[in-house]
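# Pasting the sequence and the predicted model now:
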Amino acid sequence: MKKFKQIVSKPIWITFLVVFAVTTALGMAISLARPAQAAPAPAPVAESAGYTGSAACATCHKDVHETWQGTLHSQAFSSPIFQQDWSKQGSAVTCLECHTTGYDPATGKYEEEGVTCEACHGPMQTNHPQNPMPITPDATLCARCHKTTTDEWRASNHGQMNINCESCHNSHSQQPRAASINELCGNCHKDTGSSFTHGTHSTAGLQCSNCHMATASHASSTGGLFATGHTFSVGSEACISCHKDTVHTRDTIVRLSGENVEQAVLTEEELQRKIQENEQTIQTLQTQNNVRLYTGLIQGAIIGLITGGVAAWIVSKRIRLVEVEE
């Protein structure tokens with residue numbers, strides 16, 4: 001009689017421990033055999049040579065400097081509008097953070113009037129021009145001064161899609177990156193002219209910004225920070241700015257391009273005569289309808305009598321023929 005012995009396999013956890021111990025030992029051996037290496041040194045930080053002024057930049061960047069001289073950035077301090085608002089606020093030193101370059105809040109002094117090259121690129125670096133001057137490639141740079149505008153931009157579809165300031169504005173000239181506003185917007189929004197609203201206003205000579213960037217006047221600004229319309233949404237103020245004389249009147253026809261309508265003003269006697277004429281027309285139509293109804297009934301009765309008589313005659317003739325044959 002044969003006996004079978006049951007062989008019990010080792011538990012799985014024993015196999016796991018053996019494999020784990022072997023791999024750990026191999027890892028330690030490899031790490032000990034590899035020579036130690038020092039951590040990579042951090043990239044050297046560009047040393048600043050201090051503010052040198054926009055005139056120093058003009059020696060190499062003459063064309064850019066000439067373009068910048070005619071911009072609002074170059075006139076940020078000397079502008080009569082700023083000087084007037086600044087005086088109303090008691091010449092607050094906090095305004096100089098954005099209207100000057102190199103402002104030091106500790107001393108209240110600044111390096112140069114206006115928003116110069118170094119206001120955006122920072123103080124001159126010692127390794128320039130071997131290395132380019134640093135610049136922040138997104139809206140955070142503009143947000144340091146244009147907070148209201150960037151807040152509007154972030155709330156817009158442009159901000160949601162991360163279409164930055166530089167996509168539409170040339171940084172140095174502060175001009176749109178196109179010959180006109182409509183051409184600039186048309187780079188992306190190519191089918192806006194298909195709607196009646198866009199087509200009509202475009203025919204009248206308006207540009208996209210007239211409606212999509214309509215804002216209140218500068219007189220209503222608070223502390224020099226006023227809305228610039230960078231939400232690109234059209235509100236009631238956009239319509240009122242042009243149609244303020246007709247927006248709340250029903251008796252005035254808004255003259256749109258291609259939709260001119262002329263209406264004569266009628267007197268009370270003329271209106272009464274119009275009413276009487278309309279009432280007579282209604283009565284005439286009602287009479288004509290009654291006549292047509294009665295005429296239709298009579299015609300139907302005559303046709304019915306004739307048709308019925310012919311049918312009865314034919315039936316009676318067939319009956320007689322059958323009787324003769326029988």
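Yes, it's here.
# show me where pLDDT drops low in the stretch 201-326 of the chain?
216-224, 247-265, 304-305, 308-311, 313, 315-326 (pLDDT under 70).
# Swap in 90 and give it another go.
For the stretch 201-326 of the chain, residues meeting the criterion pLDDT under 90 lie at 201-229, 231-326.
# just the helices in it please.
For the stretch 201-326 of the chain, helices defined by DSSP state H, counting those that start in this stretch occupy the ranges 208-212, 236-243, 268-325.
# And the shortest one, what's buried?
It stands for helix 208-212. Residues of helix 208-212 classed as buried by neighbour count (16 or more other CB atoms under 10 Å): 208-212. In short, each C-beta sits where N, CA and C put it, glycine included.
# which among these gets closest to Q286?
C211 (50.9 Å; CB to CB).
# tell me the contacts of the nearest residue to the closest one once chain neighbours are set aside?
Spatial nearest neighbour of C211, excluding adjacent residues (CB to CB, 6 or more residues apart in numbering): A238 at 4.7 Å. Neighbour list for A238: 210-212, 214 [criterion: CB atoms under 8 Å, 6 or more residues apart in numbering].
# what residues does stretch 145-159 touch?
Residues contacting stretch 145-159 (CB under 8 Å, 6+ apart): 97-98, 115, 139, 142-143, 165, 225-233.
# at 7 Å instead, please
Under the contact criterion CB atoms under 7 Å, 6 or more residues apart in numbering, stretch 145-159 has outside partners 98, 139, 142-143, 225-228, 230-232.
# What subset of those residues is buried?
Using 16+ other CB under 10 Å as the burial test, these include 98, 139, 142-143, 227, 230-232 as buried.
# Same list (the contacts of A238) but as JSON lines, adding distance to Q299.
Below are those laid out as JSON lines (distance: CB to CB, whole Å):
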{"residue": "N210", "distance to Q299": "67"}
{"residue": "C211", "distance to Q299": "64"}
{"residue": "H212", "distance to Q299": "67"}
{"residue": "A214", "distance to Q299": "68"}
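# quick one: H212 and G235, what's the gap?
Separation of H212 from G235 (CB to CB, to the nearest Å) stands at 10 Å.
# Touching both of those two, which residues are there?
By CB under 7 Å, 6+ apart, no residue touches both H212 and G235.
# per-residue confidence for the residue lying closest to C117 once chain neighbours are set aside?
Counting by CB to CB, 6+ apart, C117 lies nearest to C57, which is 4.5 Å off, once chain neighbours are set aside. Predicted confidence (pLDDT) for C57: 91.
# can you count the residues close to C57?
Neighbourhood size, C57 [other CB atoms under 10 Å]: 20.
# Helix, strand, or coil at it?
helix (DSSP: H, G, I helix; E, B strand; the rest coil).
# can you give me the strands in the stretch 51-200 of the chain?
100-101, 112-113, 124-125 (DSSP state E, counting those that start in this stretch).
# Nearest approach to H198 belongs to which of the ones you listed?
Using CB to CB, these put strand 100-101 closest to H198, at 41.6 Å.
# Listing partners with orientation, what would you give for that closest one?
According to DSSP bridges, strand 100-101 forms sheet pairs with strand 112-113 (antiparallel).
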